[in-house]
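# Please work out how this folds:
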Amino acid sequence: MFSISDLPALNACLNFVSTVFILTGWYFIRHGAWRRHMACMITAVISSTFFLAGYIVYHVHAGEKSSGYTGWLAAVYFPILASHVLLAFVTVPLVVVTLVQVFRRRWDQHRRIARWTLPIWLYVSVTGVFIYLMLYKWFPPSHLALGQ
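Prediction:
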């Protein structure tokens, strides 16, 4: 049975799926395959939307748990976390604005905004997976390692 404690792993998988489709969509548009690009980017948006829903549900139920990291681990983790969170707030409106240009068929505007959206969205997706791995797999704090 699925439980709230399963959401961090599921969310990391959704971030990874987003990463794969963002990169694949970028590859396709660079090679003129706009229909494949569109399919990839729609998949990335759906995956990211499910991630966001899962993230909100998890934190509503589990609350925010400090990692408790100190020393070199804190020096690596917290700058990545801070940049991830800050850019995640920027990513949502950027993706929406980028999509609006598609619906309006303003390809030049879409292209101009997407040049900013794609690398920021990609960074947030990759660092989301990295943060999960640090917290739950590589260096789990005792309260997370015990599943509390």
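
# To what extent is the residue nearest to residue 130 when sequence neighbours are not counted buried, counted in neighbours?
Here the nearest residue to residue 130 in space, its sequence neighbours aside, is residue 80; by C-beta to C-beta, 6 or more residues apart in numbering that works out to 6.5 Å. (Each C-beta comes from the backbone N, C-alpha and C, glycine too.) Using other C-beta atoms under 10 Å, residue 80 has 14 other residues around it.

# which secondary structure element contains residue 80?
Element membership for residue 80, per DSSP states H and E: helix 71-103.

# next structured bit after that helix?
Taking DSSP H and E, what comes next after helix 71-103 is helix 107-132.

# could you check the angle helix 71-103 makes with that next one?
Relative orientation of helix 107-132 versus helix 71-103 (axes from the mean of the first three to the mean of the last three C-alpha atoms, to 10 degrees): 150 degrees.

# Give me the helices and strands touching helix 107-132, please.
Helices and strands touching helix 107-132, by 3 or more C-beta pairs under 8 Å, 6 or more residues apart in numbering; DSSP states H and E, are helix 7-30, helix 34-62, helix 71-103.

# and the direction of it versus that of helix 34-62, what angle?
40 degrees.

# looking at the helices and strands packed on helix 107-132, which is closest to residue 114?
Ranking the helices and strands packed on helix 107-132 by proximity to residue 114 (C-beta to C-beta) places helix 71-103 first, at 5.2 Å.

# Which residues are in contact with the most centrally placed residue in the chain?
By C-alpha atoms, centre = their mean, the chain has its centre lying nearest to residue 125, at 3.0 Å. Residue 125 makes contact with 15, 16, 18, 19, 22, 48 under the criterion C-beta atoms under 8 Å, 6 or more residues apart in numbering.

# Can I have the buried ones of those as a PyMOL selection?
A single PyMOL command suffices to select whichever of the contacts of residue 125 are buried according to 16 or more other C-beta atoms under 10 Å:
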select buried, resi 15+16+18+19+22+48
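
# Show me which of the contacts of residue 125 is closest to residue 66.
residue 15 (21.0 Å).

# Check the spacing between the residue lying closest to residue 36 once chain neighbours are set aside and residue 35 real quick.
Using C-beta to C-beta, 6+ apart and skipping residues adjacent in sequence, the residue nearest residue 36 is residue 28, 4.1 Å away. In this view, residue 28 and residue 35 are 8 Å apart by C-beta to C-beta, to the nearest Å.

# Perfect, that will be all.
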